[in-house]
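Chemist: Model the structure of this input:
(4 chains)
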2 protein chains.
Amino acid sequence: MARAATTADAFNAVAEPRRREILDLLAGGESAVNDIVERLGLTQPQVSKHLRVLREVGLVDVRDEGRQRLYRLNGPALKPIHDWVSSYERTWSERFERLDAVLEDLKRKDEGDDLHD
Amino acid sequence: MARAATTADAFNAVAEPRRREILDLLAGGESAVNDIVERLGLTQPQVSKHLRVLREVGLVDVRDEGRQRLYRLNGPALKPIHDWVSSYERTWSERFERLDAVLEDLKRKDEGDDLHD
DNA sequence: TTGACATATTCCGGTATCGGTATATATTGA
DNA sequence: TCAATATATACCGATACCGGAATATGTCAA
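Modeler: Below is the predicted model of the structure:
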């Protein structure tokens, strides 16, 4: 067994910086392959290959328009990543630190009440 | 050039499912290597190797305690992933759809005002 | 049909992975 | 010092990557 395929899931597909750049670009709207090539300064086969990976994990959709192929973002395919990483947000967000402090206070108060039973 | 090293950044480190499992476990608190081995059903070298990768990208910290090594999560190292993926949240979150609708209304109203100049 | 354009695929070399097995490096205790 | 425990590392085989270059496929236009 070797490293998981880049097409295994969104986590693997998105680990490649150029693929993230492509997604960032597509976030601005549908784009043809050569547009991406020019705007990112990559070679055409490079872009086609990255787009294939993104397609296979459902991160982009394609549409034929004459001799062009227009790619567009499929954002919801990123949700699993967002869901996973969001559960860690409390480890750096002040917002959650304050919430934790409040919950801590409530808990302490509860324990105090118990002593009165 | 081949695929980027797993130690290149958090994106690559986290693409491996077992490493995510380890982080999920450490989210519950500091843990020794053998605890992780038992709770995840992996072999000891497997765990040590994954921990090494996580350490090299700063996702975990270590502390020596006798003959054990206690690993703990360093959540903020996940922030770059969260930041990147969060910018796409609007593509699936109803919350943002509603916000977009409001902004659209405001814009339309503005354009209406312009006509009155 | 031929040629130009847009995109996809194939083949290659170099590299780094992941799991397994064996072994090395601490640290503790008798 | 010696054995036991806890963890890290080294080596291996198999796999799949990524970029580059060449080429294949597909579509339009004259």
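
Chemist: Tell me the buried residues in the helix or strand containing A:N34?
Modeler: Per DSSP states H and E: A:N34 is located in helix A:33-40. Across helix A:33-40, burial judged by 16 or more other C-beta atoms under 10 Å in any protein chain shown covers A:V33, A:D35, A:I36, A:V37, A:L40. Heads up, the C-betas are built off the backbone N, CA and C, glycines and all.

Chemist: So what's the model's average confidence on it?
Modeler: Averaging pLDDT along helix A:33-40 gives 97.

Chemist: Is it in proximity to DNA strand C?
Modeler: Yes: taking C-beta under 7 Å from any atom of the strand as the criterion, helix A:33-40 and DNA strand C are in contact, through A:V33, A:N34, A:V37.

Chemist: nearest spatial neighbour of the residue most central in space within chain A, skipping sequence neighbours?
Modeler: Centroid-nearest residue in chain A, with C-alpha atoms, centre = their mean: A:L78, separated by 4.0 Å. Nearest residue to A:L78, sequence neighbours excluded (C-beta to C-beta, 6 or more residues apart in numbering or on different chains): B:Y88, at 5.0 Å.

Chemist: Verify the stated contact: the one you found with A:G75.
Modeler: Yes: counting by C-beta atoms under 8 Å, B:Y88 does reach A:G75; the two are 4.8 Å apart.

Chemist: list residues touching both of those two?
Modeler: Residues touching both B:Y88 and A:G75 by C-beta atoms under 8 Å, 6 or more residues apart in numbering or on different chains: A:A27.

Chemist: The closest residue to DNA strand D within chain A: which element?
Modeler: At 3.0 Å from DNA strand D, A:A2 is the closest residue in chain A, using C-beta to the nearest atom of the strand. For A:A2, there is no enclosing helix or strand under DSSP H and E.

Chemist: Now do the contacts for it.
Modeler: So A:A2 contacts nothing (C-beta under 8 Å, 6+ apart).
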